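Student: No letters, just coordinates:
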């Protein structure tokens, strides 16, 4: 019975992995890139690279923000301030436009009409309108909302694939008989055996991560996937459920007719920082500035606690006194979910931890890719044998499809990603619809690569696509310097680690892909292979 | 175990079942298991989430969260059961049995007020 | 100056964690027949006490790595960091055993020394 169980789990592992593998590769690739989404966004806005030199204290930054907002948006109902941090050196201030005369003051303004300004905290200069781009947020959204479809559809599709992935991981663990014996085993240049070793290594050596990221990924959207619990207890009152879950924000109050000057924000930040043992403030929301019922809400800067429920404090806007002390609350289950959510998103992670997450994410990409490729490698001899026995005339449709999808899904995606960055720099920086145009370039490149892959899933096609992707990635640092960004010399000198890191990682990735393209050519092809068949 | 053993690779899908590989009976069996796993498994997960959410003696929001977290584990287990069962019929029976049990628990919890 | 100080301390702890993990995995890998054979020829296997020492030493190395990670990021994040360090160390060992198996003992000893030095440095910074 035990052998039958292992065998059935092996079968389940193969199919639960293969059928959704190409989507999973994209989810892993985009998700891994998302660990650095702020950095990617900053790279894609070269106009902001000038913000970096000189670091300012939180007190100076908040004073600058308060003065600017009082000038620009004195009659606005609400201000938003994002303090500069290591990940984004600029100071961002936003405001809700004051309602037009006669309009309903309670009506929610459309998001697009929000005013915003980006400042260099050291000089107070407004940074030139950075070009419109989705930046790293594109990859972040891509990995669970997909694209060119409603977010709801995207999330259901990704959720289905994620559950399939969880099944694949669990069945894989059951099937892998020699999980300890093969822990360090990698036998290169042995064909099928090497692919299996690579798949096992990338899976087992980062197994806690893979389990965590898959399960917590499902957790982030679990009330959409499994609403039965919410429905059973809260029936239709889902807003009540979310209020309980998130610790309920105060309802929107009408602005008081009485005017009153806003208290200086600096001392409020100091007090909050003191309460949080020196941790800096991240985001500030000012409600009804300049009115008698002004209030200020401060949220801890990300990067301190693992949980997604960041502590926040509220202050009276006129007197500057603290109103309520809300830390991260909620019972055990809610907190556990908060930690899981935080683990998945990983925004708490400092550079070292984020680098480790990134590496594990790459291992996940390798795991999915080697799995997909291994299936084709294992199937090919059977088809060849059938051909030799005269049973079939040519390679079966299934194998041919998998070969093509592997090429387009893996090499094609790796080619499309740098195309996005090239489009970001080469497209004119003004104009409407620019952000969407960048994304269209990404998908066009991917589409062309995928079609080419499906048409000719041959080894040379792999080499061509990997080489193109490698060149595009490796040339990004040069493109950066040539199109107005802070080149490596400048970014390293000024401590603009985000941009420098992007350049260096792109260079490394490019070299890796080029090396792969090179290796595919020099290896001898075993006799059992058909001329022109892939891998 | 000394030398690099010629251990068998995970068996190919075609040898996983004693029947002939691509026969209609085989395909029907796989389809039946898949429907049980994907559809029936989800139903079982939803049922258990509902039952737990009502039965757990925690605050309402905590019960819902704990129940939903558990439901996300029930689903893959149900899927694995459907493919590990000795036959497609066994898969369906097992799933139906488990669902019936949970449904009874749910009924009891509803009738007697639940702990929440 | 304070930034440099904390930076050094963090760097030393991180290095200690990684080096200890590599040393631990090196020892554990040699306690396995397959990898012992890579160094000492086919059909050989470590003597029973040698295997026990290797396993004990290897486990100790991994635990030392965990301690360094917890010292680095506290209890919760420490475990997460440890998992990441183990992944990095595991990949390093696997690649070394595939392409430079003869160097595994040297890698193990070197990593152990580096771990000691780095933790000592972390204690003083």
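Tutor: Good, I have the coordinates. What you are looking at is a predicted structure, and each value in this text was computed from that prediction instead of being measured.
Student: Output the contacting helices and strands for the helix or strand residue C:123 falls within.
Tutor: Element membership for residue C:123 (DSSP states H and E) is helix C:104-124. Where contact means 3 or more CB pairs under 8 Å, 6 or more residues apart in numbering or on different chains; DSSP states H and E, helix C:104-124 is packed against helix C:2-30, helix C:33-40, helix C:48-99. In this view, the C-beta of every residue, glycine as well, is placed from N, C-alpha and C.
Student: ok, and the closest non-adjacent residue to the residue sitting nearest the centre point of chain B?
Tutor: Taking CA atoms, centre = their mean, the centroid of chain B lies closest to residue B:78, which sits 0.9 Å from it. Leaving aside its chain neighbours, residue B:78 sits nearest to residue B:41 (3.6 Å; criterion: CB to CB, 6 or more residues apart in numbering or on different chains).
Student: thinking again about what came up before, identify whichever of the helices and strands packed on helix C:104-124 lies nearest to chain B.
Tutor: helix C:33-40 (6.1 Å; CB to the nearest CB).
Student: anything in the closest one near chain B?
Tutor: Yes. Counting by CB under 8 Å from any CB of the partner chain, contacts between helix C:33-40 and chain B involve C:33-34, C:37.
Student: residues near residue 32, how many?
Tutor: Using chain A. 21 (other CB atoms under 10 Å in any protein chain shown).
Student: that's the wrong chain, I meant chain C
Tutor: Using other CB under 10 Å: residue C:32 sits among 23 other residues.
Student: Please name the nearest non-neighbouring residue to it.
Tutor: Closest to residue C:32 by CB to CB, 6+ apart is residue A:181, at 6.7 Å.
Student: By mean pLDDT, point me to the weakest helix or strand of the chain.
Tutor: In the absence of a named chain, chain A is used. None of the helices or strands of chain A scores lower by mean pLDDT, DSSP states H and E than strand A:322-326, at a mean of 60.
Student: The chain in question should be chain C.
Tutor: Result, chain C / mean pLDDT, DSSP H and E: helix C:33-40, a mean of 90.
Student: Centre of the chain to that helix, how far?
Tutor: How far helix C:33-40 lies from its chain's middle: 19 Å, per CA atoms, centre = their mean, to the nearest Å.
Student: list the helices and strands that helix packs on?
Tutor: helix C:2-30, helix C:104-124.
Student: The first one versus helix C:104-124: what angle between them?
Tutor: Spelled out, that is helix C:2-30. 150 degrees (axes from the mean of the first three to the mean of the last three CA atoms, to 10 degrees).
Student: returning to what we had before: now neighbour count too, for the residues of helix C:33-40 next to chain B, in TSV please.
Tutor: Converted to TSV, the residues of helix C:33-40 next to chain B look like this (neighbours: other CB atoms under 10 Å in any protein chain shown):
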residue	neighbour count
C:33	17
C:34	20
C:37	18
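Student: Okay, now the unreliable bits of chain B?
Tutor: B:1-21, B:114-116 (pLDDT under 70).
Student: quick one, strands of it?
Tutor: Remark: strands of chain B are absent; assignment by DSSP state E.
Student: Distance-wise, check the residue of chain A found nearest chain C relative to residue A:73.
Tutor: Closest approach of chain A to chain C (CB to the nearest CB) occurs at residue A:356, with a separation of 2.8 Å. The spacing between residue A:356 and residue A:73, counted by CB to CB, to the nearest Å, is 41 Å.
Student: near chain A, which residues of chain C?
Tutor: C:10, C:14, C:25, C:29, C:32, C:34-35, C:72-73, C:76-77, C:80-81, C:83-88, C:90-91, C:93-95, C:97-99.
Student: Now, of those residues, which are buried?
Tutor: C:10, C:14, C:25, C:29, C:32, C:34-35, C:72-73, C:76-77, C:80-81, C:83-88, C:90-91, C:93-94, C:97-98 (16 or more other CB atoms under 10 Å in any protein chain shown).
Student: contacting residues around residue A:197?
Tutor: Residue A:197 sits next to A:182, A:185-187, A:190 when contact means CB atoms under 8 Å, 6 or more residues apart in numbering or on different chains.
Student: Local confidence estimate at the closest residue to it other than its chain neighbours?
Tutor: Once flanking residues are discounted, residue A:197 sits nearest to residue A:186: 4.6 Å by CB to CB, 6+ apart. Residue A:186 carries a pLDDT score of 94 in this model.
Student: where does residue A:186 fall, phi/psi-wise?
Tutor: Main-chain dihedrals, residue A:186, degrees, to the nearest 10: phi -140, psi 120.
Student: For burial, what's the neighbour tally of it?
Tutor: Other residues close to residue A:186 by other CB under 10 Å number 20.
Student: which residues does it contact?
Tutor: A:194, A:197-198, A:201, C:94-95, C:97-98.
Student: surely residue A:93 meets residue A:124?
Tutor: No. Residue A:93 is not in contact with residue A:124 according to CB atoms under 8 Å; the separation is 11.6 Å.
Student: More neighbours: which of the two?
Tutor: residue A:93 (21 against 16).
Student: you'd agree the more buried one is in a helix?
Tutor: No. If the criterion is DSSP: H, G, I helix; E, B strand; the rest coil, then residue A:93 is strand and not within a helix.
Student: show me the contacts for it.
Tutor: A:65, A:68-69, A:72, A:79-82, A:116-119 are the contacts of residue A:93 under CB under 8 Å, 6+ apart.
Student: When you filter those down to buried only, what's left?
Tutor: The buried subset of the contacts of residue A:93 (16+ other CB under 10 Å) comprises A:65, A:68-69, A:79-82, A:117-119.
Student: Closest one to residue B:88 out of these, please.
Tutor: residue A:82 (56.0 Å; CB to CB).
Student: So that closest one sits against residue A:282, correct?
Tutor: Yes. With contact defined as CB under 8 Å, residue A:82 reaches residue A:282; the gap is 7.2 Å.
Student: circling back: can you list the contacts of residue A:186 in CSV and add pLDDT and distance to residue B:48?
Tutor: Formatted as CSV, the contacts of residue A:186 follow (pLDDT from 0 to 100; distance: CB to CB, whole Å):
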residue, pLDDT, distance to residue B:48
A:194, 93, 42
A:197, 95, 39
A:198, 96, 38
A:201, 96, 36
C:94, 96, 40
C:95, 95, 44
C:97, 95, 45
C:98, 94, 45
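Student: So for whichever residue of chain C sits closest to chain B, what's the pLDDT?
Tutor: Here the residue of chain C nearest chain B is residue C:43; by CB to the nearest CB that distance is 5.3 Å. Residue C:43 is assigned 83 on the pLDDT scale.
Student: thought it was touching residue C:36?
Tutor: No. Counting by CB under 8 Å, residue C:43 stays clear of residue C:36, with 10.6 Å between them.
Student: So the two - more neighbours on which side?
Tutor: Set residue C:43 next to residue C:36 and count neighbours by other CB under 10 Å: residue C:36 wins out with 20 against 9.
Student: The more buried one contacts residue C:30, doesn't it?
Tutor: Yes. Using CB under 8 Å, residue C:36 is in contact with residue C:30, at 5.6 Å.
Student: Overlap in contacts, these two.
Tutor: In contact with both residue C:36 and residue C:30: residue C:46, using CB under 8 Å, 6+ apart.
Student: can you list the residues of the stretch 101-250 of chain A near chain B?
Tutor: Counting by CB under 8 Å from any CB, the stretch 101-250 of chain A sits next to chain B at A:163, A:166-167, A:170-171, A:174-175, A:177-178, A:181, A:187, A:192, A:196, A:215, A:218-219, A:222-223, A:225-226, A:228-234, A:241, A:244-245.
Student: Buried among those residues? Make that a ChimeraX selection.
Tutor: Buried residues within these, by 16+ other CB under 10 Å, are selected in ChimeraX with:
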select /A:163,166,167,170,171,174,175,196,215,218,219,222,223,225,226,228,229,230,231,232,233,234,241,244,245
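Student: returning to that earlier point: check which element follows the least confident helix or strand of chain A along the chain.
Tutor: Next element after strand A:322-326 (DSSP H and E): helix A:332-345.
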